[in-house]
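Asks: give me the fold of what follows.
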Amino acid sequence: MRSLLARLSLCALFPLLIACQPVETSTGNSSNTAEPAKPIVLKLAHGWPKGFPVFGESVEDYAALVEELSGGRILLKVDSTNKHKSAFGIFDFVKSGQYDIGQTASYYYGGKDPDALFFSSMPLGMTTQEQYAWFYHGGGLDLANQVYAKHNIEVELGGNTGMQMGGWFRKEIKSVDDLKGLRMRIPGFAGKVVAGVGVVPTNIPAGELFQALERGTLDALEWVGPALDLRMGFHKVAPYYYVGWHEPGTELMYFFNKDSMAKLPEWAVSILKNAARLTAYRMTTHTFAENSENWSTIAEQFPNVQVKEFPSEVMQALRESNQALLQAESERSEFAKSVLDSRAAYLKKARAWTRIGTQAYLETVAE
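Replies: Now for the predicted structure:
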């Protein structure tokens, strides 16, 4: 009964879902004696190890939801980095058609297309809710698809990490001088920003992060937040945990090979896209829940962790570096300017409501 009610609710929201449609057979008629159609089998690659918390789990959730909503007529064969061996290869896998679908973060592919940097999270930018509103109601997702269409890819949102922490540091940061030559794992546009104040940014796969920090190959790293950081063990070798500024709402994405999607019936494409949106919401709330739980654990069980804010001198230097880069990107191309202008305009409008809504509420009820 619960499953039936769930299906009826989904049908009201997404009437094109196969769960809401009459059953078709391999002969194209509704005879009960006809042979059922063979399932559609698609290959999906994601950028995390098998069973990786939250991110990897969300892909398994997606595959299960697609199978359920399709009544078993779409099956996703999911490959993790354990199988395909390329954490940052998802873009090429999907573009080439080696995989039909991928799950990853857009900002890993600035080297493939510089405009890809704008669609995960931007330093000092929109929060999760603000950015979701921009994607769905402010034209952000349309802009992202204009970028990826050049690469034979269509994208849907895949889940948000929420506010990310500013990173784990082996030594305390007291001034801008402490950042000079500091080797830090930090991807995307934020990597360019910190490079502007002397940091040496790098990006390495998740499975190599702890060892690099422990051995001193890295002096610092940012990963996500308590939801994922605590189980990675970073607090054991880098006790200074800084609050965030660089990724206030980082979005994962599902990549779909356009040729593969063109071969599918409309109902199948609808399921794949709507399931991505439903999974994105679940991953976003899952991350928040895990952040809350693990933040409590840090406070109670790991008193050696020192939560810090970057000095005002450092934040000012980061703002200046960020602004200079935004200006340079706007001058790079008309399209880049249109995306950044869109983000800035939406942020201005959304932030006015965030301040009088959420921020004012928190200040009002603060004890």
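Asks: state the three-state secondary structure for the residue sitting nearest the centre point of the chain.
Replies: For the chain, Leu252 is the residue whose C-alpha lies nearest the centre (Cα atoms, centre = their mean; 2.1 Å). The three-state assignment at Leu252 reads strand, by DSSP: H, G, I helix; E, B strand; the rest coil.
Asks: quick one: it and Val155 touch, right?
Replies: No: with contact defined as Cβ atoms under 8 Å, Leu252 does not count as touching Val155 (10.3 Å). Placement of C-beta: from N, CA and C, glycine included.
Asks: what comes up buried for stretch 40-58?
Replies: Across stretch 40-58, burial judged by 16 or more other Cβ atoms under 10 Å covers 40, 42-49, 52-56, 58.
Asks: quick one: mean pLDDT over the helix ranked longest in the chain.
Replies: Determined from DSSP state H, the single longest helix within the chain is helix 266-301. On average, the pLDDT along helix 266-301 is 97.
Asks: and after that helix, which helix or strand comes next?
Replies: strand 306-308 (DSSP states H and E).
Asks: contact partners for Thr250?
Replies: When contacts are counted by Cβ atoms under 8 Å, 6 or more residues apart in numbering, Thr250 touches Ala105, Tyr107, Ser120, Ser121, Asn160, Thr161, Gln164, Val224.
Asks: nearest to Glu214, of those?
Replies: Glu214 lies nearest to Val224 out of the contacts of Thr250, by Cβ to Cβ, at 18.6 Å.
Asks: wait, the closest one touches Thr161, no?
Replies: Yes: counting by Cβ under 8 Å, Val224 does reach Thr161; the two are 5.2 Å apart.
Asks: shared neighbours of those two, anything?
Replies: Common neighbours of Val224 and Thr161 (Cβ under 8 Å, 6+ apart) are Thr250, Thr287.
Asks: now the closest residue to Ser120 other than its chain neighbours: how far from Asn145?
Replies: Once flanking residues are discounted, Ser120 sits nearest to Tyr107: 3.9 Å by Cβ to Cβ, 6 or more residues apart in numbering. Distance of Tyr107 to Asn145, computed by Cβ to Cβ, to the nearest Å: 16 Å.
Asks: and what of Ile186?
Replies: 27 Å.
Asks: more neighbours, those two?
Replies: More crowded of Ile186 and Asn145, by other Cβ atoms under 10 Å: Ile186, with 25 against 14.
Asks: ok, back up a step: which of Val224 and Thr161 has more neighbours?
Replies: Neighbour count, other Cβ under 10 Å: between Val224 and Thr161, Thr161 has more, with 27 against 23.
Asks: that one touches Pro226, doesn't it?
Replies: No: taking Cβ under 8 Å as the definition, Thr161 is not a contact partner of Pro226, at 10.9 Å.
Asks: one step back: does the residue nearest to Ser120 touch Phe189 like I think?
Replies: Yes: under the criterion of Cβ under 8 Å, Tyr107 makes contact with Phe189 at 6.7 Å.
Asks: overlap in contacts, the two.
Replies: Here Tyr107 and Phe189 have Leu117 as joint contacts, going by Cβ under 8 Å, 6+ apart.
Asks: circling back to that earlier point, near the residue nearest to Ser120, how many other residues are there?
Replies: 23.
Asks: what does Leu326 give?
Replies: By other Cβ under 10 Å, the residues close to Leu326 number 21.
Asks: again with Ile173
Replies: Neighbour tally, Ile173, other Cβ under 10 Å: 20.
Asks: that one reaches Tyr240, doesn't it?
Replies: Yes: counting by Cβ under 8 Å, Ile173 touches Tyr240, with 7.4 Å between them.
Asks: identify the contacts common to the two.
Replies: Going by Cβ under 8 Å, 6+ apart, residues that sit against Ile173 and also against Tyr240 are Lys308.
Asks: low-confidence stretches in this structure?
Replies: 1-36 (pLDDT under 70).
Asks: returning to what we had before: identify the farthest-apart pair in the buried residues of stretch 40-58.
Replies: The most widely separated members of the buried residues of stretch 40-58 are Ile40 and Pro53, with 29.2 Å between them, by Cβ to Cβ.
Asks: where do the strands of the stretch 101-250 of the chain begin and end?
Replies: 101-105, 153-160, 167-169, 183-185, 200-202, 220-221, 240-242 (DSSP state E, counting those that start in this stretch).
Asks: ok, now which ones touch Glu57?
Replies: Counted by Cβ under 8 Å, 6+ apart, Glu57 has contacts Gly51, His286.
Asks: tell me which helix or strand comes right after the helix or strand containing it.
Replies: Assessed by DSSP H and E, Glu57 sits inside helix 55-69. Next along the chain after helix 55-69, taking DSSP H and E as the criterion, comes strand 74-79.
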